[in-house]
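Engineer: starting from these lines, generate the structure:
(3 chains)
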Amino acid sequence: MAEGTDLQAPPGPATARLGRLQRLPLRRLIQIVLAILIIGFVVLGTYKTLTLPPDERYDPSTWKAFVISGVAQGGIYALIALGYTLVYGVLRMINFAHGEVFMMGCFASFFFADAYANSGLLNRHPFYALAIIFAIAMLTSCLIAMLLERVAYRPLRNSPRLVPLITAIGASLFLQNTAFGFFGPQTQAYPVPDVLGGDRTWTILGITMQRIQVVVIVTAILAVIGLTLFISRTRTGRSIRAVAEDREIASLMGIDVDRTIMITFALGGLLAGIAGVQFGLTFGQVSPYIGFTPGIAAFTASVLGGIGSIGGAALGGLLLGLLQAVGPPLLFTGFNIPAPFQLQDVITFSVLVLVLIFRPGGILGSGEAEKV
Amino acid sequence: MIRRIPRVVRAGLVAGIVSVYLCLVGVVGSLVTDVVGRITVGRVVLSIPAILAGLVVARPRVVSGELRRSSVWAGVSSGAIVGLTTGALLAVFIGVVNLLGIETIRNVFIAVKPDLMSLLTFGHAGVVGSVLRIVAEVALGAVGGAIGATPDRIRVPTVIAATVVISLGLLRRIVHPALAQLGLRDDWLFSVVTLGLTWFGAVAVFVVAFVTTFAWRANSAAIVARTHRTPATERGVRLIVLAAIGGGLIALPFLVGSIFSQILGTVGIYVLLGLGLNIVVGYAGLLDLGYVAFFAVGAYTTAVLTGGSRVTTTGYAPPSFSLHLSFFVAIPIVVVVAALVGLLIGAPVLRLRGDYLAIVTLGFGEIARVLFSSDWLKGAFGGTQGMTAIPAAPIGNLNFRDTQHFYFLVLAFCLIALYISWRLADSRVGRAWNAMREDEQVAEAVGVSTVRYKLLAFAMGGAIGSLGGALFAVQVGALNNASFMLLVSITALAVVILGGMGSIPGVIVGALVLIGIPGVFSEFEQYRLLLYGAVLMAIMILRPQGLIPNIRRSQELEEEDVAQDKWAEAVTSDEHAASAASPLGEGAG
Amino acid sequence: MRHRRWLTPLVLLGAFAMIAAACSNSTSAAGGSTSGGAAVDCNAAPGCVTVAAGAPIQIGTLLSVSGDNADLGNDSLYGVELGIDHLDGVFDGQAGQILNHPVQLQNEDDTCSAEGGQAGSTKLASNPDIVAVIGTSCSGAALGVADKTLGDKGIVLLSPSNTNPALTAPGTHNPYYFRTAHNDAIQGAVVADFAYQKLHAKTAATIHDESPYTEGLTTAFKNSFTAAAIGGQVVDEESIDSSQQSYTPVLTKIGQKSPDLLYGPDYTAECALILKQGRQVPGLANTAFMGSDGCYASNFIKLAGSAINGAYYSSPDLSAFDQKDFYTNEFLPAYKTLAGTAPISAFHAHAYDAVNLLAAAIEKAAVQNSDGSLTISRVALRDAVQSTTDFQGIVTKYTCSDTGDCATTVTIGVYQAPNLALEGGTGNGKPIFTETKTLQEALGTG
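Structural biologist: Residues are numbered from 1 along each chain as shown, chains lettered A, B, ... in the order given. Next up is the predicted model:
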């Protein structure tokens, strides 16, 4: 191996120190240049947008609408991201198929919701109907998540990281197309009870939002609090933390690792099921393709916020929603870029890169580079 | 509790669940081309779970270090039990559908149609139909068990012959014109009524295939042993084989006709993509989920440089920057541009590993697609309408839009890429990548500059991928954002994974399997993605080193398992049982 | 190293491959052989097709029969099959004949993408017996792809549903390409006229979903709306991603400008979301919402809910079909028998008309030989299609222009929800505004 290395420094003890010094600045330099470029663009874009002539400028109510929309969308992302982060904490793997778990829960609940809407139950007793609908979604997502774990991930528990990741991608494709084959490609209309109809609003703290948006945000907050309490206070939560810390030692300490991991997946599935129903109620639609993009977005969100951290997932979700809604008008309008929302992915991933340069573990993640 | 259910019943349950799944997902009902006589593809697919389960159950196994074989009779009976369980599950399914009514079920599962139900019940309603189905499954399971319990020398030819028959039945569209062109009558083989094989033809093909395989297997070892293998002869044999492959490759498009040449062309493009991604993922160990970015860069750069036009509502317009270079002059520029883009993509992700790298590169892939089809860059790349009228790489009066000529262009590029990949693997760069992949920190400590080699991996991988994009632009002649979805990245990744990460022949095999087979058997086109997903999962769980493993990688992945598998294979094979040699003789390491 | 030995053969192979390519001849024939026909010159490219006595005339179809747009493709395919059925004058499930030869279809899938169009057209082009092709479903599969591949072989490509104006733009139009579907320039112009005359709109905003069909339509609308005759202003042009569902930010941005009209000729799911979310945007409170037939799906009204009330949709006026009685009393029932459902897309009748137009052209161009065989010169067939004048189809009278548009006079209707001819619609399904426009007029103003 010796002849394959750089031969710029003379051999000897000085090589090690000199070598490390040599390398560090180059990588750092590149990253700092990138960071400057991104931040520079952001600042310039923001400045230009905010100093547009008054008739082209966005007024405060428009900004408020952008922010509210972003936060509401972020709530859905947060719920899905929580599932990603739970599984990652425990297994150090990204469950790529989590988006499809969410979609399946939404679909399963759709059939019941449709039946209730047809029979009128949905509007006569909305709370009972919704309770059942949520339960069905949570159950389905839970079952599918657990099935995935048992069939696809457990055999690969000790494989190198690449293997379960690719299996997850395969599982995602498989589930998506299974739904396509079962239910057909058409977008179905998810029934919304009048209580939560699109034009019904609640005013909280002076901000008027759609009722369903309020439900989504409140649920996200409750989920974060509930999950944090669960993980820190209960016995199962402690075993989850233990398994996340070190699987071998945990099993030596008498924790049933298989069962704990199964419970983790189940938890993630529960949250995904809730997110599924909320998605259906917010947009009034369900199709086999709704899992893919929010899945990737939630994945991005959890990485952004700090994978493995519950607060990070929520923060990441919120941030992502805001970036998608506020970013394009804020950064691109000043440059007169047409159809700025087409480029929202550019913003999202540039910010992600920026965050990962300085905090490789995500915003709330560990500050150091991820260990292999 | 699950463990306590006897193995045989468990296999039957799995087969039953898979059968019901196949019905629900629509595969059984919608594949209505006839394969043999009046047996449709759907029916064939439906019978596979029971047969496979019976086969698996009756195969010789190693139990507590001892080889246990079953007699054919035992195999048949255990297969029958498997079939019984499968049939029972299907009968339950039929019962539920009849109970709730087809229309009710159809509101949820759109594939449950009267046609499907009558296929399941052989046209009889009620209990009779279910009983018939159970009987059929028992028979299928028994057949599977019989096949599984027979010795290798009969089982392998049977399976191969059956596969040949079924494939032939599906390939009528291609074989029939070829035979007609050669002036041969084929109405004994292909039925003019059903567009599948006739029973006579099927049996004849089966027998021929069986006998051929049987004879080959029985005698090949003997033939090889009889030739005196001196190094000179070895070299000679190798040259002959190589020449034969070369000649075959060159004659191929003329043998298979222009439709197949088109499919081969697409396979070739994915071989290029696979080779490039193989460098990034296989050699350097960098998980890149956004490989489509290079594909898009290659395609659009070629289009712009060779004089493609933007599409507008008033016709074609030149892009804001456009040259009319010859394709072959443009290629080096495309490669350089792609390498630069590779550096651009690699720079921000230098410190990222594994999943983080995956998501960021995925993002970059999406960004590439979005940018090329954005309204903002409409003047340069045509925006949503895309680009078209891309010249077909003319040389003199030769035009590569013709699929058979295009095949040679693709072949040439593939060979170049193959050569580059192969040389890289054994070079200093390749070794540095190995080191980086196996343990990055140790590599740094020994003085391998991960920065440099990571960037190099992205640049080289990107350059090769862009060749694929350039060829795509020439092949199709028009570009728009529908061709540059995430699916391309995932397919390229699947090609590399299926073939074996880091393995060059694996990439070729992967592309042939994942692109060639769906292209040829176009009945399965609508289930292609479903198959991709299932294949990816199966490969990762059963054989993560891929079909043609790179030895070094598989050692990383499953050192123990590979050794163990080889031993188990050796132990359960016929030759070994006959010679009763020591179990550790052939298979170790 | 032993491996080196592979190097030389490999390089030689590469060189040999290139030489082989240069020396090889194309094996796919460009056309059939000639027979003793007098007036046709079958030796000149692209040659002729000879149909032996009693042999079928082979017609290809290249439609989107799988995937998301399967409805569109299957709709057209049923229309084609009905057209062939009716060649003998009745819808009886028995295929008819052209010049005493039965008709055989070779169906290929264009998968609504350029690759699909390329693959499918290559398959068809390599069959020397194919007389003509009906397709494609999606403009992206035809533009520069199928029209070129088939045109190079002299095979007429007649589309029942391509509407992208670029396909028949002068200078880039392929001489073998024709369509019975209307040019989107017409629909865009009608929408602009409707906006100006009925809505008195002076400002408009457009939303497309990054697919060629929708973007073509918004551009056509913009061209007509901003032309001197109307003098409107398009204040915002936005785009949405069809894989996402949150359009409120985009709609809010548009709402900032409070346009009189919001034109979003997208696909069903997106149309529904634009309606539901758009109605919540304060800035769009006085904006009229408008879409096109791409929004139509059987459950569109259910998807959009009450937000759909008052929105407008443009589409070919099905009730203005020339042969309305025939359409309602004979065609529709036959369609239902064949497909099991009512037609979904607007182009089923255009596909039927395409078959008949083609059949008429074949009858005109074919030379009947004494032995009962037919010789069809490809150039003659193309000319016959091109010279179609006042051909009466279900939809309209077709007169093919120099650049391939045969539906040069089209009636587009604007409908207002909930009075739509869809499941859940109320009312008689009649348009509130119709306009018959010729392509000349549309392009003149655009």
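Engineer: so what's C:Val414 bridging to?
Structural biologist: C:Ser314, C:Phe433 (DSSP bridges).
Engineer: that one: neighbour count?
Structural biologist: C:Val414 has 23 neighbours, counted by other C-beta atoms under 10 Å in any protein chain shown. Yep, even glycine has a C-beta here, placed from its N, CA and C like the rest.
Engineer: and the gap between it and B:Gly516?
Structural biologist: Distance, C:Val414 to B:Gly516, by C-beta to C-beta, to the nearest Å: 49 Å.
Engineer: and C:Gly154, by the same measure?
Structural biologist: 31 Å.
Engineer: got it, and C:Leu338?
Structural biologist: Distance from C:Leu338 to B:Gly516, by C-beta to C-beta: 35 Å.
Engineer: rewinding a little: the more surrounded of C:Gly154 and B:Gly516?
Structural biologist: Higher neighbour count among C:Gly154 and B:Gly516: C:Gly154, with 21 against 18, using other C-beta under 10 Å.
Engineer: on the three-state scheme, the nearest residue to that one once chain neighbours are set aside is what?
Structural biologist: Excluding the flanking residues, the one nearest C:Gly154 by C-beta to C-beta, 6 or more residues apart in numbering or on different chains is C:Pro46, at 2.6 Å. When classified by DSSP: H, G, I helix; E, B strand; the rest coil, C:Pro46 comes out as coil.
Engineer: with adjacent residues omitted, what lies nearest to C:Gly188?
Structural biologist: Distances taken as C-beta to C-beta, 6+ apart put C:Ala220 closest to C:Gly188, at 2.7 Å, once the chain neighbours are dropped.
Engineer: check the burial of that neighbour by counting its neighbours.
Structural biologist: The number of residues packed near C:Ala220 is 28, by other C-beta under 10 Å.
Engineer: list the residues that contact it.
Structural biologist: B:Thr313, C:Pro165, C:Asp184, C:Ala185, C:Gln187, C:Gly188, C:Ala189, C:Ala442, C:Gly446 (C-beta atoms under 8 Å, 6 or more residues apart in numbering or on different chains).
Engineer: just these: which are in helices?
Structural biologist: C:Asp184, C:Ala185, C:Gln187, C:Gly188, C:Ala189, C:Ala442 (DSSP state H).
Engineer: isn't the last one right up against C:Ile186?
Structural biologist: Yes: with contacts defined as C-beta atoms under 8 Å, C:Ala442 counts as touching C:Ile186 at a distance of 4.5 Å.
Engineer: with neighbour numbers in mind, choose between these two.
Structural biologist: C:Ile186 (30 against 27).
Engineer: just give the closest residue to B:Ala347, not the sequence neighbours.
Structural biologist: A:Ile30 (4.8 Å).
Engineer: quick check: which element contains the one you found?
Structural biologist: helix A:14-50 (DSSP states H and E).
Engineer: could you point out which element follows that helix?
Structural biologist: Taking DSSP H and E, what comes next after helix A:14-50 is helix A:60-91.
Engineer: tilt between the helix or strand just after that next one and helix A:60-91?
Structural biologist: Downstream of helix A:60-91, the next assigned helix or strand under DSSP H and E is helix A:98-119. Interaxial angle of helix A:98-119 relative to helix A:60-91 (axes from the mean of the first three to the mean of the last three C-alpha atoms, to 10 degrees): 120 degrees.
Engineer: hmm, helix A:98-119 touching chain B?
Structural biologist: Yes: contact of helix A:98-119 with chain B (C-beta under 8 Å from any C-beta of the partner chain) involves A:Phe111.
Engineer: list the buried residues in that helix.
Structural biologist: A:98-114, A:116-117 (16 or more other C-beta atoms under 10 Å in any protein chain shown).
Engineer: ok, A:Met146 - contacts?
Structural biologist: A:Met262, A:Phe265, A:Ala266, A:Gly269.
Engineer: give me the distance between it and chain C.
Structural biologist: 28 Å (C-beta to the nearest C-beta, to the nearest Å).
Engineer: before we move on, what about B:Leu536?
Structural biologist: 21 Å.
Engineer: my guess is that residue is in a helix, correct?
Structural biologist: Yes: counting by three-state DSSP, B:Leu536 falls inside a helix.
Engineer: neighbours around it, how many?
Structural biologist: B:Leu536, neighbours per other C-beta under 10 Å, totals 25.
Engineer: tell me if I'm right that it and A:Leu165 touch.
Structural biologist: No: look at B:Leu536 against A:Leu165 with C-beta under 8 Å: they stay out of range, at 10.6 Å.
Engineer: and for the residue nearest to B:Ala347, the neighbour number?
Structural biologist: Neighbours of A:Ile30 (other C-beta under 10 Å): 18.
Engineer: can you pull out the strands in the stretch 201-350 of chain C?
Structural biologist: C:203-208, C:233-239, C:261-263, C:288-292, C:312-316 (DSSP state E, counting those that start in this stretch).
Engineer: what's the shortest one packed up against?
Structural biologist: Applying 3 or more C-beta pairs under 8 Å, 6 or more residues apart in numbering or on different chains; DSSP states H and E, we find strand C:261-263 packed against helix C:184-197, strand C:203-208, strand C:288-292.
Engineer: tell me which residues of the longest one come out buried.
Structural biologist: By that I understand helix C:184-197. In helix C:184-197, counting by 16+ other C-beta under 10 Å, buried: C:184-196.
Engineer: chain A: which of these is nearest?
Structural biologist: C:Gly188 (18.5 Å; C-beta to the nearest C-beta).
Engineer: contacts only, for that closest one.
Structural biologist: C:Gly188 neighbours (C-beta under 8 Å, 6+ apart): C:Leu217, C:Thr218, C:Thr219, C:Ala220, C:Phe221, C:Lys222, C:Asn223, C:Ser224, C:Ala442, C:Gly446.
Engineer: widest-spaced pair of those?
Structural biologist: Of all pairs drawn from those, the greatest distance, 15.0 Å, lies between C:Thr218 and C:Ala442 (C-beta to C-beta).
Engineer: where's A:Ala97 relative to chain C, distance?
Structural biologist: 17 Å.
Engineer: ok but A:Leu304 is inside a helix, no?
Structural biologist: Yes: remark: A:Leu304 belongs to a helix, assigned using three-state DSSP.
Engineer: for it, grab the count of nearby residues.
Structural biologist: A:Leu304, neighbours per other C-beta under 10 Å, totals 30.
Engineer: for B:Leu344, see how far away it is.
Structural biologist: As for A:Leu304, its distance to B:Leu344 is 21 Å (criterion: C-beta to C-beta).
Engineer: what's the average pLDDT for stretch A:42-52?
Structural biologist: Averaged across stretch A:42-52, pLDDT comes to 88.
Engineer: just the CA trace of it, in CSV.
Structural biologist: The C-alpha trace of stretch A:42-52 is given here as CSV (Å, rounded to 0.1, in the frame of the first residue of the first chain):
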residue,chain,number,x,y,z
VAL,A,42,-29.1,34.1,0.1
VAL,A,43,-28.3,37.6,1.4
LEU,A,44,-28.3,39.2,-2.0
GLY,A,45,-31.5,37.6,-3.0
THR,A,46,-33.2,38.5,0.2
TYR,A,47,-32.0,42.1,-0.1
LYS,A,48,-33.2,42.4,-3.7
THR,A,49,-36.6,41.0,-2.9
LEU,A,50,-37.2,43.2,0.1
THR,A,51,-36.1,46.3,-1.8
LEU,A,52,-38.3,45.8,-4.8
